[in-house]
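Participant: Give the three-dimensional model of this entry:
(chains A and B)
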Amino acid sequence: MADNERVPTVIADNAHIIYRIHGSAAPGSNTPLASFKRILTRTKQASIREVHAVKGVSFVAYKGEAIGLIGSNGSGKSTLLRAVAGLLPVERGGAIYAAGQPSLLGVNAALMNDLSGERNVELGCLAMGMSPAEVKAKTPDIIDFSGINERGDFSSLPMRTYSSGMSARLRFSIAAAKKHDVLLIDEALATGDAKFRKRSEQRVRDLRKEAGTVFLVSHSEQSIRDTCERCIWLESGVIRADGPTDDVMKEYETYVNK
Amino acid sequence: MAQTAVVDADTGLSHQELARRHGLTAAGRLPSLLEYSRHLWSYRHFIAAFANAKVTASLGSTRLGVVWQVLTPLINAGVYYVIFGLLIKTGSGRIENFVAYLCAGVFIFGFTQSVVQAGAQAITGNMGLIRALHFPRASLPIAIALVEVRNMVASIVVLLSIMLLTGEPLTFQWLMIFPVLLLQIIFNAGLALFVSRLGAKVHDIRQLIPYIMRIWMYGSAILYPVSFFAERVHGWQLAVVEANPLLIFIELTRHSLMEGITLAGPPGRLWIEAVIWTLLVGIGGYVYFWRGEKGYGRG
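Facilitator: Now for the predicted structure:
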């Protein structure tokens, strides 16, 4: 008898995410008189503007799924990922639930540029919660996977001497070294040459097999078709479609080509 | 084998109930203080590695490298001594060994001053790391406090040499310096945690910190003998001025290393005040930082 119990790993329940931007006031609203008036009448600071990035998103993601997030620029994909990772708060009334601690694997991960690649690997792995013994065991594999030593011993040089592709590859290799329950990948697979891209896509498939859930944000249609079997189409903060990749991609293409 | 269709046991549940059923937690929830502390303890290797990395990064490009850890306090003390000890002579008539008296104050205060200045940038200067990885954010201010401990060790060695060179006798009382420094380390860690959250919330604080530290220094009997207080201020004002935690640490240091100087109060009372300040600022700063844990990635 087939066991159909699917275990959810991420549940979004009517999630609204609002960015509040400080310090972009209209001219004339920052004069002492205007500020004083605001204090007296207790109105909100005029220099805060709000951007409603994600509007009432709900979905359930299960173990073993790889879900692609597509949408045009500024549709709220990265914002949603950051909220799932717990880095952005969700407004009251909704919530995002996740199993364990989802890890965000963004290209913006910054380690210390003045340190050698090897020490950054050590630092990044310790920051991810590995024990020192694990770190020592995994460091050679991580450096091999990133391929930074292919043209000479770059791992002992400070990271500021690396090309942007090398840094991005090293960052991805560090983050991909740990097993994650929920892995959120924000356009990180687009970096690197074709050789590295194949390796990283394979690594993402391996991570998926270790019974986790993967969310992938990418503009590369090929990456999404290769990696994900389910797709969510986000447009202006609202879910337009949620289903098997082929169907959702078809709808998205008709929308884009309109 | 016959396939029986099994209805998904989860159908019909609201999202909230579904989450509870499978033990999912709300993303970005604040852990309890005990959970957070345990988590922080498990990250102690990261804290040490990060502190080491910071030190390497800061000294890496200078020519003299590690020598600066000793040179900086020496030059600092030298400048103050020339102006306040030789030119203005604030200590004349009251303190025999004004060099040692002054240097004790300068180095102990310098330890807290550098922790506060670096601590204000602990969160804002490491946004990339915070946004990329999940780790207890208290690791960052604590690592910064540890970096300054290394600098402090170098300056204390210089201080002890100055004490010996200016004729202070080497007694067993010198061992008291260890508990004083330990208390100050905990005090500074709490202060770093407090200032880093404050600096992350209100960026303007970073502009104010140099002036706050300057005023604090002037009020801590470093450049003049502590008897100035009793001569000029009385009653509750004197009590307020003498409750300054850094004054207490400095006085305890002078008490353990030097002979025959008047202190702000009896040593027993000073010790009790030091412990109270340490517990207050250490625990208070930690709790204050922990309560802001959710919001540090927002920038």
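Participant: pLDDT weak spots in the chain?
Facilitator: You didn't say which chain, so I picked chain A. A:1-5, A:22-30, A:42-47, A:105-110, A:188-192, A:211 (pLDDT under 70).
Participant: meant chain B, my bad for not saying
Facilitator: Residues of chain B that meet the cut-off, pLDDT under 70, sit at B:1-12, B:28, B:60, B:91-92, B:132, B:298-299.
Participant: In the stretch 51-200 of chain A, what residue spans correspond to strands?
Facilitator: For the stretch 51-200 of chain A, the strands defined by DSSP state E, counting those that start in this stretch occupy A:66-70, A:95-98, A:103-106, A:182-186.
Participant: closest one to residue B:164 among the ones you listed?
Facilitator: Nearest of these to residue B:164, taken as C-beta to C-beta: strand A:103-106 at 53.7 Å. Bear in mind the C-beta positions are built from the backbone N, C-alpha and C, glycine included.
Participant: Right, and chain A sits closest to which residue of the stretch 1-150 of chain B?
Facilitator: Nearest residue of the stretch 1-150 of chain B to chain A, counting by C-beta to the nearest C-beta: residue B:128, 2.5 Å away.
Participant: Enumerate the helices of the chain by residue range, in sequence order.
Facilitator: With no chain named, the answer covers chain A. Here chain A has its helices, by DSSP state H, at A:32-41, A:77-84, A:117-127, A:132-146, A:164-175, A:194-209, A:221-227, A:245-256.
Participant: my question was about chain B
Facilitator: Under DSSP H, chain B gives helices at B:15-21, B:33-42, B:44-59, B:68-80, B:98-119, B:127-132, B:139-165, B:177-201, B:205-218, B:227-232, B:235-242, B:245-257, B:267-291.
Participant: Can you check what angle separates the fifth one from helix B:245-257?
Facilitator: So the one you mean is helix B:98-119. Here the directions of helix B:98-119 and helix B:245-257 differ by 140 degrees (axes from the mean of the first three to the mean of the last three C-alpha atoms, to 10 degrees).
Participant: go on, the longest one?
Facilitator: Regarding helix B:139-165 and helix B:245-257, their directions subtend 40 degrees when assessed with the same axes, to 10 degrees.
Participant: Which secondary structure elements does helix B:139-165 sit against?
Facilitator: helix B:44-59, helix B:68-80, helix B:98-119, helix B:177-201, helix B:245-257 (3 or more C-beta pairs under 8 Å, 6 or more residues apart in numbering or on different chains; DSSP states H and E).
Participant: so how far is that helix from its chain's centroid?
Facilitator: How far helix B:139-165 lies from its chain's middle: 11 Å, per C-alpha atoms, centre = their mean, to the nearest Å.
Participant: and stretch B:261-270, which residues are buried?
Facilitator: When burial is assessed from 16 or more other C-beta atoms under 10 Å in any protein chain shown, stretch B:261-270 yields the following buried residues: B:261, B:263, B:264, B:270.
Participant: between those, which is nearest chain A?
Facilitator: Taking C-beta to the nearest C-beta as the measure, chain A sits nearest to residue B:270 out of those, at 39.7 Å.
Participant: Run through the residues that contact that closest one.
Facilitator: By C-beta atoms under 8 Å, 6 or more residues apart in numbering or on different chains, the residues touching residue B:270 are B:248, B:251, B:252, B:255, B:263, B:264.
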